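Q: Here is a sequence with its predicted model. Questions after.
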Amino acid sequence: MNTFGHLFRITTWGESHGGAVGVVVDGCPPQIDIDKSAIQYELNRRRPGQSYLTTPRKEEDVVEILSGVFEGKSLGTPISMLVWNKDARPVAYEHLKDLYRPSHADFTYQQKYGIRNWQGGGRASARETIGRVAAGAIAKEILQVQCETETLAYVKQIHTLEATVDSDTVTLEEIEASPVRCPDPIVSPKMAERIDQARRDQDSLGGIIEAVCRNVPVGLGEPVFDKLKADLAKAMMSLPATMGFQIGSGFDGITMTGSEHNDEFYNESGQIRTRTNNSGGTQGGISNGENILFQVAFKPTATIGKPQQTVDMDGNEVILEASGRHDPCVLVRAPAIVEAMAALVLTDHLLRHKAKS
């Protein structure tokens, strides 16, 4: 339950307010350049305390590589990476230890295991995603070296505010220039203002992350049960706070006829392409060479300061006013996590595809 992937496998470990969190990457090919600064860059994009729009928890999230790398290159053996929790404040959650936060994992973890780490949510915390992002940075390097594949994610919508973004041309620089990681210069400041208002109101907001994977080789995907879009859906829905996944036309496709939805083929200088991309870059669960485009819906952060009715572990009804340090909107830090999971899926399928040739 803590391992993801087949040939390129990751296992994450650690709790939100434990000593450290980390990941073990198994199946990384040997002699891949492992740039620690590139890994750190990705972790910096998801770390807390970036601005007034995120949780005030201050963590530098400095990565340590413990094994599997020698003189800057992968050995082909397991790569273990660790990030210490420096600003953990478990005492801040003591008032929650006997209560179930609405829409949080407290109740279900307690019922499943008979025990839970109430300090910040334990494994259910988004801090677990540090290991995914660190591993995803290595996956990105493999994709870049072997097929020049790029994965980008950005905020498409927050609450009722929706951005206009050209997924074919958007750049990382445009995404990172926005405090909410929305490359629409008109909508981005409005999103920031609305998130800040939710923070002041002790409330939270959800939204949509859109991701594009460019220059994906044709033929990635393993029918029937390991279709590329199925594994992407599993990867995204395994992230904390996710509520939905759609690829290509998604649910909008139901309003179209077959003649409107079908992606017609044409020959472009000897390369077979499609005129439209309603399929989202996959057909029959296999990549067709077009951009893979998908969206992930994130719910509002579960822990808020507004009074809410809940029950304690004895079933007594109580009113909860949660305190602590929480994101008013998780989407600001989510693009790096979505990109990492997409890169992990694509790298795993790339290695599986190569194993067949």
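A: Received it, and whenever you're ready, just let me know what you need. No experiment lies behind these values; they were computed from the predicted model shown. Numbering: from 1, shown residues only.

Q: Spatially nearest residue to Lys156, not counting backbone neighbours?
A: Glu210 (3.9 Å; CB to CB, 6 or more residues apart in numbering). Any C-beta I mention is one placed from the backbone N, CA and C, and that applies to glycine too.

Q: can you pull the contacts of that neighbour?
A: Ala153, Tyr154, Val155, Lys156, Val165, Ser167, Leu293, Phe294, Gln295 (CB atoms under 8 Å, 6 or more residues apart in numbering).

Q: and of these, the nearest to Pro335?
A: For the contacts of Glu210, the closest approach to Pro335 (CB to CB) belongs to Ala153, at 4.0 Å.

Q: Now do the same for Ile254: its pLDDT.
A: Looking at Ile254, its pLDDT is 97.

Q: gap between it and Gly285?
A: Distance, Ile254 to Gly285, by CB to CB, to the nearest Å: 20 Å.

Q: So if I had to pick from those two, which one is more boxed in?
A: Gly285 (17 against 8; other CB atoms under 10 Å).

Q: pretty sure that one contacts Pro223?
A: Yes: counting by CB atoms under 8 Å, Gly285 touches Pro223, with 5.1 Å between them.

Q: can you count the residues close to the residue lying closest to Thr77 once chain neighbours are set aside?
A: Distances taken as CB to CB, 6+ apart put Gly68 closest to Thr77, at 4.9 Å, once the chain neighbours are dropped. Here the number of neighbours of Gly68 (other CB under 10 Å) works out to 21.

Q: Same question for Trp84.
A: 16.

Q: Could you tell me whether the residue nearest to Lys156 really is in a helix?
A: No: assigned with DSSP: H, G, I helix; E, B strand; the rest coil, Glu210 falls outside any helix and is strand.

Q: Across the sheet, point out what pairs with it.
A: Tyr154, Gln295 (DSSP bridges).

Q: Quick check, pLDDT for the residue nearest to Thr77.
A: 98.

Q: and it, what is it in contact with?
A: Counting by CB under 8 Å, 6+ apart, Gly68 touches Val25, Cys28, Ser74, Leu75, Thr77, Pro78, Ile79, Ser80.

Q: switch to 10 Å and redo it
A: By CB atoms under 10 Å, 6 or more residues apart in numbering, Gly68 lies in contact with 24-26, 28, 30, 34, 74-81, 138.
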